[in-house]
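Trainee: Just need the structure, nothing else, for what follows:
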Amino acid sequence: MQIYEVFIKKAKSSYYQVNMLNFIYTKLSAFVKVFLLLLSLNFLKTYILNITIVGTGYVGLVTGTTLAELGNSVYCVDIDEKKVEGMKNGVVPIYEPNLEEMFLRNIQAERLFFTTNLKEALDKSEVIYLALPTPPGEDGSADLSYVIKVANDIGEMMTEYKVVVNKSTVPVGTADKVREVISSKTQIPFDVVSNPEFLREGFAVEDSMNPARVVVGASSEKAQDIMAKIYQPFTNTGIPIIFMDEKSSELTKYAANSFLAVKITFMNEIANYCEKVGADVDKVRLGMGSDDRIGQRFLFPGIGYGGSCFPKDVKALIKSGKQEDFNFQILEATENVNIAQKVILVSEIEKYFGGNIEGKTIAFWGLAFKANTDDIREASSLDNIALLLEKGAKIVAYDAVAESNVQKLLGDKIQYAKNMYEALENADALFIATEWSEFKNPNFELMAQKMNGKVIFDGRNIYPLEIPEQNGFYYKSIGRKTILN
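Mentor: Below you'll find the predicted structure:
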C-alpha cells in the first residue's frame with residue numbers, strides 16, 4: 001500500500017490524473033491490486049526519469065527545475081562549488097520571477113539535486129542535458145569549447161546508453177560534433193539530440209511550464225521515444241512536440257531569435273521615420289499589429305534589443321553564413337541599425353543642453369536589458385552610460401535588481417541610488433532605460449522637486465504623451481512627438 005501511495009504522489013507531481021484510478025483501486029480484489037501495482041511500477045519506470053543537467057546558468061536552472069516539477073529526478077551539475085552549495089541550501093543564483101517557489105518546492109520534494117561531480121550524476125541518469133554557455137568569440141562565432149569539453153568527459157565516463165541533449169543555443173552541425181567527440185572516447189551506444197530552449201527572460205517559468213511548442217531534433221527512434229516521454233505531460237495538454245533532424249532543430253532556434261531581432265529593429269526604423277514625418281509610432285504599431293499575419297508582439301520601439309540571446313544569435317548566424325560563403329544581408333543591416341539605435345537618445349540629450357553635457361548629472365532609471373531580469377548582457381543602458389561618461393556627464397543610477405551586476409562591471413565610475421527618487425536629486429535630466437513597473441506611475445510632483453530641470457528622455461516609451469505634458473515636463477521618447485513644455 002505504501003508503494004502505491006508513492007506512485008499516486010509521484011503521478012500527481014507529474015500532472016497525471018489519478019483520481020479515477022484511486023477510486024477503482026479501492027473497489028478491486030487483492031489479486032487485481034497486486035497486478036495494478038506491478039503496472040504502476042512499470043509506469044513509473046517509463047515516465048519518471050533520472051535526468052542530469054550540466055550547467056546551472058539561466059537555461060540550465062530553469063530547465064532542471066521544470067523537469068523536476070514534471071516529476072523527474074534531476075541532478076544539476078556545475079563546477080562552481082560555492083554556487084552549488086548555495087543551491088543545496090535553497091539559494092537561487094539568478095533573478096527570475098516565480099522561479100524560487102518552484103525551485104524550493106522540488107528540493108523539498110527530493111526531486112532536485114545539485115553536485116559538482118559529473119560522474120556521480122551521469123551514473124544515475126538516462127538523459128544528459130547540456131545547458132552550457134556558448135559565448136560569442138571576437139569574430140561573432142559561438143564558442144563551443146564548454147560543450148566539447150563536457151562531451152569529451154561524458155565519452156570517458158559513461159558506462160551505459162545515454163541520450164545527450166544539446167539545450168544550449170548552438171550552430172548548425174553541433175550535434176554532429178558532439179557525437180564525434182563522444183564516439184572517439186567510447187564504444188557504448190548513445191544518441192545526441194537537439195532540443196533548443198525558447199525562454200523569455202522575465203517569463204521563463206511561464207514559458208517552461210506552458211511552452212508554445214517543443215522542438216526536438218533526433219535521428220534515432222529510441223531517442224525520439226525517450227524525449228516524447230519526457231515531454232508527455234505537455235503533449236497531454238495539447239502542446240505540440242515537433243520532431244525533425246538535428247540540423248533543422250539547431251537552425252530553428254537561430255532563425256526564431258534572428259527573426260524577432262529583425263522585427264524589433266524594423267519597428268525602430270519605422271519609429272525613427274515617424275519622427276521625421278510627424279507620424280505617431282504608437283498608432284502605426286496598433287494598426288500593424290491588428291493584422292494577424294504580423295501580430296502585436298515585438299513591435300514596441302525603443303533603444304534597441306540586448307540580452308543574452310538576440311545579439312549573440314544574430315552575430316553567430318551571420319558568422320555561420322559566412323563560413324558557408326553566404327551573406328545574411330538582412331541580419332547584417334539589423335545588427336548595424338541596432339548598434340546605432342541603442343544610443344540614439346544621446347544626441348538628443350546633447351541637443352537639449354546646447355551641445356555640451358560636461359558636468360551635467362543624468363539620472364538612470366533601469367540598468368537591466370529588460371524588465372523582470374537582472375541580466376545586463378548587451379544592455380542598452382551600458383552603451384548609453386559609457387557614451388555619456390565619455391562626454392563628461394555624471395551618472396546616478398537606480399535598478400533594484402540589476403544594480404549589483406553593474407557595480408561588478410563599472411564599480412565607482414557611476415553613483416548608485418537606493419531608490420528611484422533618490423536618483424533624481426539635483427539631476428539635470430532623467431534617462432529611462434528599462435521598463436520596470438515601478439517607473440510607470442511615478443509621483444511627478446516629487447520628481448519636479450528633486451530635479452534641477454523637468455526633463456525626461458524615455459528609451460522605452462512608458463508614458464502616454466499627455467502624462468508628462470500635463471505635468472509640465474520636457475519629454476523625448478522614440479517615434480513620437482516631443483513634448484517641449
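
Trainee: State the three-state secondary structure for Phe113.
Mentor: strand (DSSP: H, G, I helix; E, B strand; the rest coil).

Trainee: and it, bridged to which residues?
Mentor: The bridge-partner assignment for Phe113, based on DSSP bridges, gives Tyr75.

Trainee: And the strands in this structure?
Mentor: All strands of the chain, identified by DSSP state E, fall at 50-54, 73-77, 112-115, 127-130, 162-166, 190-194, 214-217, 241-244, 361-365, 394-398, 415-416, 429-432, 455-458, 474-476.

Trainee: Pipe those strands into a markdown table and attach mean pLDDT and distance to Leu331 per row.
Mentor: Heads up, the C-betas are built off the backbone N, CA and C, glycines and all. Below are the strands of the chain laid out as a markdown table (pLDDT from 0 to 100; distance: least, Cβ to Cβ, whole Å):
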| stretch | mean pLDDT | distance to Leu331 |
| --- | --- | --- |
| strand 50-54 | 97 | 30 |
| strand 73-77 | 97 | 34 |
| strand 112-115 | 96 | 38 |
| strand 127-130 | 98 | 26 |
| strand 162-166 | 97 | 22 |
| strand 190-194 | 97 | 21 |
| strand 214-217 | 97 | 21 |
| strand 241-244 | 97 | 22 |
| strand 361-365 | 98 | 30 |
| strand 394-398 | 98 | 32 |
| strand 415-416 | 97 | 36 |
| strand 429-432 | 98 | 28 |
| strand 455-458 | 98 | 28 |
| strand 474-476 | 98 | 30 |
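
Trainee: want to throw these into JSON lines with distance to Phe300?
Mentor: Below are these laid out as JSON lines (distance: least, Cβ to Cβ, whole Å):
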{"stretch": "strand 50-54", "distance to Phe300": "33"}
{"stretch": "strand 73-77", "distance to Phe300": "35"}
{"stretch": "strand 112-115", "distance to Phe300": "36"}
{"stretch": "strand 127-130", "distance to Phe300": "33"}
{"stretch": "strand 162-166", "distance to Phe300": "32"}
{"stretch": "strand 190-194", "distance to Phe300": "31"}
{"stretch": "strand 214-217", "distance to Phe300": "26"}
{"stretch": "strand 241-244", "distance to Phe300": "28"}
{"stretch": "strand 361-365", "distance to Phe300": "17"}
{"stretch": "strand 394-398", "distance to Phe300": "22"}
{"stretch": "strand 415-416", "distance to Phe300": "28"}
{"stretch": "strand 429-432", "distance to Phe300": "13"}
{"stretch": "strand 455-458", "distance to Phe300": "12"}
{"stretch": "strand 474-476", "distance to Phe300": "17"}
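
Trainee: and those as CSV, adding mean neighbour count and distance to Ala223?
Mentor: Shown next, in CSV, are these (neighbours: other Cβ atoms under 10 Å; distance: least, Cβ to Cβ, whole Å):
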stretch, mean neighbour count, distance to Ala223
strand 50-54, 25, 14
strand 73-77, 25, 19
strand 112-115, 21, 24
strand 127-130, 26, 9
strand 162-166, 26, 5
strand 190-194, 24, 4
strand 214-217, 22, 8
strand 241-244, 16, 10
strand 361-365, 26, 48
strand 394-398, 21, 48
strand 415-416, 18, 49
strand 429-432, 25, 48
strand 455-458, 23, 49
strand 474-476, 21, 54
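
Trainee: closest to Asp282 out of the ones you listed?
Mentor: Across the strands of the chain, Asp282 has its closest neighbour in strand 455-458 (12.5 Å, Cβ to Cβ).

Trainee: what packs against that closest one?
Mentor: helix 344-352, strand 429-432, strand 474-476 (3 or more Cβ pairs under 8 Å, 6 or more residues apart in numbering; DSSP states H and E).

Trainee: Centre of the chain to it, how far?
Mentor: What separates the centre of strand 455-458 from the centre of its chain is 28 Å, taken as Cα atoms, centre = their mean, to the nearest Å.

Trainee: ditto for stretch 67-87
Mentor: Centroid separation between stretch 67-87 and its chain, computed with Cα atoms, centre = their mean, is 18 Å.

Trainee: Check which residues of that stretch are buried.
Mentor: Neighbour counts using 16 or more other Cβ atoms under 10 Å place 67-78, 83-84, 87 of stretch 67-87 among the buried residues.

Trainee: And for stretch 439-458?
Mentor: Across stretch 439-458, burial judged by 16+ other Cβ under 10 Å covers Phe439, Pro442, Phe444, Met447, Lys450, Met451, Lys454, Val455, Ile456, Phe457, Asp458.

Trainee: With that, I have no additional questions.
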